[in-house]
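Peer 1: From the sequence below, what's the structure:
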Amino acid sequence: MGNGETRVRGIAARAGGWSAKHRWAAVGIWVLFVVLAMGLGSAAGSVEVKESDQLGGETHTAAKIVEDAGIDEPSSETVLIQAKDGSLKATDPAFRAAVADVMKAVDGTGRVTDVQSPYDTDTLSKDGRSALVQFDMRGDAETAGDRVEPVLNAVANVQKDHSELRIEEIGGASMNKTFDDAFGDDFKKAEYSAVPVALGILLIAFGAVVAALLPVALAITAIVATMGLMGLVSHLQPMDDTASSVMLLVGLAVGVDYCLFYLRREREERAAGRTPEVALQIAAATSGRAIIVSGVTVCVAMAGMLFTGLATFEAMGLASLMVVAVAMVGSVTVLPALLSLLGRRVEKGRIPFLHPDKRRKNGNGKGGGESRFWTAVLKVVLAKPAIALVVAAGALLAITAPALGMKTQNLTLDQEFGDSLPIVGTYNRVNDAFPGGSDPAEVIVKAKDINAADVKSALADFRERAISSGASRGPVDIKLHDAENIAFVYVPLVGGSDLDKAGESLDKLRDEVRPATLGKVDGVQAPITGQVAGSKDFNDQLAGAVAPVFAFVVVFAFLLMLLSFRSLTIAITSIVLNLLSVGAAYGILVAVFQHGWGAGLVGAEGVGAIITWLPLFLFVILFGLSMDYHVFVVSRIREARLRGRTTKDAIQHGVVTTAGVVTSAAVIMVAVFAIFGTLSMQSMKQMGVGLAAAVLIDATIIRGVLLPAVMALLGERNWYFPKWLNRLPDLTHDESPEAVTPRVEGGERISV
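Peer 2: Sure thing, here's the model as predicted:
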């Protein structure tokens, strides 16, 4: 070929080449795509996940019965009236006067209905010193928190007139308002601060404003486009707020990572003396290809959530998959176009005191992208790879060990928030005085005729046996919906906020009490729901989904690595190393949040369990994100091997030249995830700490020590590919010996 002529092979290289030649068209198409996606998504609106689709088992059945009947359950509220020093009893005149004042005050707001006296409903504590006034909020239960403030104020005013008593309100609406007031802005601040944090780290990494802005701009536009696509897709797969938050986190992480990989390679090639055009071509063929392999692998991992059968997980998986796909496409199309437009102006806004190139030198003392720190680490690791492997693997296995005793459950209010909110104290006092009263089991009874004699008799028997069996201490409340032939039976469970003991009570209701009463009436459905039941059903369904999700993610990731690197060894080691990373994250979570080791450092004292959804969520997210680094590092090692270097030299070159970008990407992710680790909600804190710890371990111990140690020990066996597998599709990287050793004779020849 002539001077400056190129031969292009592969999707990434072709996409990058086309975008560089038609840069304004590429930028215009991307902007049009983002605008159209957002506009069409806004016009179509978003369909939210229904409550009946969020869970499985009896909880799903109960929600479906209520939904099909068209019954809108109101948001129920409770006012606890309790003697502070035990001197007053519920039968005393002063206590009765306080009850009357509470009922009058809440009814006078005009915001409530069905106000019930504790003397009529028998909601008096066993010791006679506590009582519950119960009522429902008017209007939609989902927005009741927006209307509950006048009721809370009315109760607070009654408290002022009865200082000898404790008068406190709790319920769905009051808790929602309290949480929104305390933590609503907390989430927004965490999400909004993620972008400035990422930008700040990129400024340090690149030392130039324009170069730092590019990854953030790509990530933000990918997120905006995905938000629009979520609106469209929600008509097929309903979405929720959790899916949006996860999408934002994943989108920011991969969007910045992919752009970072591409930009650093382009920069490195220019620093080596190549023209901007040739540097861009090499970046497209190498980093661009690694981005596609990584992106497809992450998408496959996210798709694993679709196998859970849980609507919330399916929404999270689909939203994450879409944002990764959008970020991946943007990285190999619009990014090359922008880099072609900017040329050397990508260095504009250079910050004088930040010179990252000076921290990375090649053998000639010129900027070569090699990290001096990791060069020193690699020297030790490659000198004694067996020792490095034993020490690093042993450390990770020790960190993983606590995970063997992991306990998962839906966190109770006091576990989720500790003592940070006054309403938690109210919750605990209600549960102490009325075990299970704040979160009763709900039996949704559906019959052909709810007022039939045999149905009424069965309801009465159920109420009596629920107490006599020891599952409940009562009172068991029954609300009839005659027109719909449905009855709601509220059963306070013995055990209260202790989910293990409350779970035993639930089992008695489901396995003993119900079959002996309601189960004997033909045509009657009586699924049992509520917080305890929901937690159990969620755990059961999630436990059933773990094996297929794990198998799907691991098998497909293995196949992708096998086809992308044409190496059985690389595919196997990739899976093992990623599993080690995930296991270590599990171990840290259990040690801190379940056993309390170092819990004070992150404000996690007294939690005692891992929230149910987190292990599977972490596995899918971390397995996907870990592949980012792995594909990028191994691609560079393979590239160096194709140049003719020995395997050991290729490992040294691949790790040290990618260390800077991997470190920068990891620091951004750790910082963003750590922001969520500072939130007061323990579920968000667990997610943030788990993700941050795993990414940190993955980018240091796994990629910097274990990977090179394993590859050094395996030597040429790293590239082992059995002949009988040759029939498989060839998805190897675009780099070839010619591609990575271009001739420079009056021009460049890049065969990619």
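Peer 1: least trustworthy helix or strand in the chain by mean pLDDT?
Peer 2: Lowest mean confidence among the helices and strands of the chain (mean pLDDT, DSSP states H and E): strand 750-751, at a mean of 35.
Peer 1: How about the contacts made by Val381?
Peer 2: 388, 704-705, 708-709, 712 (CB atoms under 8 Å, 6 or more residues apart in numbering). Bear in mind the C-beta positions are built from the backbone N, C-alpha and C, glycine included.
Peer 1: Tell me where the stretch 101-250 of the chain has helices.
Peer 2: 118-121, 149-161, 172-179, 185-206, 209-233, 241-271 (DSSP state H, counting those that start in this stretch).
Peer 1: Export the ones you listed to a markdown table and append columns for mean pLDDT and distance to Asp140.
Peer 2: Shown next, in a markdown table, are those (pLDDT from 0 to 100; distance: least, CB to CB, whole Å):
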| stretch | mean pLDDT | distance to Asp140 |
| --- | --- | --- |
| helix 118-121 | 88 | 25 |
| helix 149-161 | 92 | 16 |
| helix 172-179 | 84 | 11 |
| helix 185-206 | 76 | 22 |
| helix 209-233 | 90 | 22 |
| helix 241-271 | 84 | 17 |
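Peer 1: if you compare the ones you listed, which one is most tucked away?
Peer 2: helix 241-271 (a mean of 25; mean count of other CB atoms under 10 Å).
Peer 1: and that helix, how far out from the chain's middle?
Peer 2: 18 Å (CA atoms, centre = their mean, to the nearest Å).
Peer 1: and after it, which helix or strand comes next?
Peer 2: helix 276-285 (DSSP states H and E).
Peer 1: Name the next helix or strand downstream of that next one, please.
Peer 2: helix 287-303.
Peer 1: Looking at the contacts of Val381, spot the one nearest Ala144.
Peer 2: Gly704 (52.3 Å; CB to CB).
Peer 1: mind checking how far that closest one is from Phe373?
Peer 2: 9 Å (CB to CB, to the nearest Å).
Peer 1: any residues in contact with both of these two?
Peer 2: Ala659.
Peer 1: of the two, who's got more company?
Peer 2: Gly704 (24 against 14; other CB atoms under 10 Å).
Peer 1: Give the burial count for the residue nearest to Ala403 when sequence neighbours are not counted, as a bare number.
Peer 2: Nearest residue to Ala403, sequence neighbours excluded (CB to CB, 6 or more residues apart in numbering): Tyr586, at 3.7 Å. When neighbours are defined as other CB under 10 Å, Tyr586 has 25 of them.
Peer 1: Tell me the secondary structure at Tyr586.
Peer 2: Following DSSP: H, G, I helix; E, B strand; the rest coil, Tyr586 is assigned to helix.
Peer 1: Helix 287-303 and the lengthiest helix in the chain, what's the angle between them?
Peer 2: Longest helix in the chain, counting residues (DSSP state H): helix 531-565. Per axes from the mean of the first three to the mean of the last three CA atoms, to 10 degrees, the angle that helix 531-565 makes with helix 287-303 is 150 degrees.
Peer 1: List the buried residues in helix 531-565.
Peer 2: Neighbour-count burial for helix 531-565 flags 531-539, 541-542, 545, 549-550, 552-554, 556-557, 560-565 (criterion: 16 or more other CB atoms under 10 Å).
Peer 1: do stretch 340-351 as well
Peer 2: 340, 342, 346-347.
Peer 1: hang on, the earlier thing: the contacts of Val381 into CSV, with extra columns for pLDDT?
Peer 2: Below are the contacts of Val381 laid out as CSV (pLDDT from 0 to 100):
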residue, pLDDT
Ala388, 94
Gly704, 87
Val705, 92
Pro708, 92
Ala709, 94
Ala712, 92
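Peer 1: Any quick PyMOL command for the buried ones out of the residues you listed?
Peer 2: In PyMOL, a selection of the buried entries from those looks like this (16+ other CB under 10 Å):
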select buried, resi 388+704+705+708+709+712
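Peer 1: Of the contacts of Val381, which is the nearest to Phe206?
Peer 2: So of the contacts of Val381, ranked by how close each gets to Phe206 (CB to CB), first place is Gly704, at 21.5 Å.
Peer 1: What residues does that closest one make contact with?
Peer 2: 374, 377-378, 381, 655, 659.
Peer 1: again, 7 Å this time
Peer 2: Shown in contact with Gly704 (CB atoms under 7 Å, 6 or more residues apart in numbering): 374, 377, 655.
Peer 1: Just the C-alphas of the strand or helix carrying the second one, formatted as CSV.
Peer 2: What it means is Val377. For Val377, the host element (DSSP H and E) is helix 372-383. Provided in CSV are the C-alpha atoms of helix 372-383 (Å, rounded to 0.1, in the frame of the first residue of the first chain):
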residue,chain,number,x,y,z
ARG,A,372,6.2,3.9,37.4
PHE,A,373,4.4,2.6,40.4
TRP,A,374,2.9,-0.4,38.6
THR,A,375,6.3,-1.0,36.9
ALA,A,376,7.8,-1.5,40.3
VAL,A,377,4.9,-3.8,41.5
LEU,A,378,5.1,-5.8,38.3
LYS,A,379,8.8,-6.3,38.7
VAL,A,380,8.2,-8.0,42.1
VAL,A,381,5.2,-10.0,40.9
LEU,A,382,6.8,-11.3,37.7
ALA,A,383,10.0,-12.2,39.6
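Peer 1: which of the residues in that helix are buried?
Peer 2: Neighbour-count burial for helix 372-383 [16+ other CB under 10 Å]: 374-375, 377-378, 381-382.
Peer 1: where along the stretch 301-450 of the chain do the helices fall?
Peer 2: 311-332, 334-342, 372-383, 385-400, 413-417, 422-433.
Peer 1: Could you do the stretch 551-700 of the chain as well?
Peer 2: For the stretch 551-700 of the chain, the helices defined by DSSP H, counting those that start in this stretch cover 568-589, 599-602, 614-642, 647-677, 682-697.
Peer 1: Would you tell me which of those helices gets closest to Thr61?
Peer 2: Here helix 614-642 is closest among the helices of the stretch 551-700 of the chain (CB to CB), at 23.0 Å.
Peer 1: Quick check: phi and psi at Val47.
Peer 2: Val47 adopts backbone torsions of phi -100, psi 120, taken as degrees, to the nearest 10.
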